[in-house]
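1. Provide a 3D model corresponding to the input given below.
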Amino acid sequence: MVDESPATMRAVDYVTRMIGCQCGFHVYLLHLLPPMPAEFLEFGGAEDPREEQKLQAELHHDQHAWIASVKEAAKPALSSAIDALRAAGLFTYEIELAYSDPFDERDATVAILGKAREKRCHTIVVGNDSHRWFRKMTGKPLTEHLLRHVNEITIWIVQ
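-> This next block holds a predicted model:
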C-alpha cells in the first residue's frame, strides 16, 4: 500500500532490498483513498424532478473532481515507488497500480484484504505509520486493523 508518508517509502525500499533483481515477482501497489467526504455523498434533494436531476449531476461531478484531485496528489509518491521498484530490477509489466474505492463503506482493512485475495497476493507490505487519516478516523493504526483481520496472507510491517 502506498501513500505519501516516509513510512511508505521505507516500505518500498525494504521491498526493493528483499526482492533485488530476482525474477518472478509481481508488485501490486494499492493507494488507499480516504472515504468520500460527507458533503459529497448526498444532497437534500429537490421537489422538482428536473432540479433533482441537475443537483444529482452536480454531485456526481463534484465526486469525480474530488477523486481526481486525491489521485493527482498521490502521483508523486506513486511515481517514486514505481521508480524505486524499476531500479531494483522489476519491469513495468510486473508493477500494477490501483486505487481503493472511496465509496466503499466497509472497513478499509476488509477492502485491502479483499484486493490482496483478488490479486492472489502472498504478502502485504505496509509502513507502520502510513495512512494517518485512517488512524484519525478509527483511533488505531491501519497496521493494527490489518493484523486483526488477516489470515493466510503474510504482512510485513516496516518501521
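
2. next SSE downstream of the helix or strand bottoming out on mean pLDDT in the chain?
-> Among the helices and strands of the chain, helix 132-138 carries the lowest confidence by mean pLDDT, DSSP states H and E, at a mean of 77. For helix 132-138, the succeeding helix or strand toward the C-terminus, using DSSP states H and E, is helix 142-149.

3. centre of the chain to that following helix, how far?
-> Centre-to-centre, helix 142-149 and its host chain are 15 Å apart (Cα atoms, centre = their mean, to the nearest Å).

4. run through the neighbouring helices and strands of that helix.
-> Applying 3 or more Cβ pairs under 8 Å, 6 or more residues apart in numbering; DSSP states H and E, one finds that helix 142-149 contacts helix 108-118, strand 123-127, helix 132-138, strand 154-158. For the C-beta atoms, the positions are set from N, CA and C on the backbone; glycine is no exception.

5. would you turn the ones you listed into CSV with mean neighbour count?
-> Output for the helices and strands packed on helix 142-149, formatted as CSV (neighbours: other Cβ atoms under 10 Å):
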stretch, mean neighbour count
helix 108-118, 17
strand 123-127, 20
helix 132-138, 15
strand 154-158, 15
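
6. just put these in CSV and tack on distance to residue 93.
-> Listed next are the helices and strands packed on helix 142-149 as CSV, based on distance: least, Cβ to Cβ, whole Å:
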stretch, distance to residue 93
helix 108-118, 19
strand 123-127, 20
helix 132-138, 30
strand 154-158, 23
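
7. residue 43 is nearest to which of the ones you listed?
-> Closest to residue 43 of the helices and strands packed on helix 142-149 is helix 132-138 (Cβ to Cβ; 22.9 Å).
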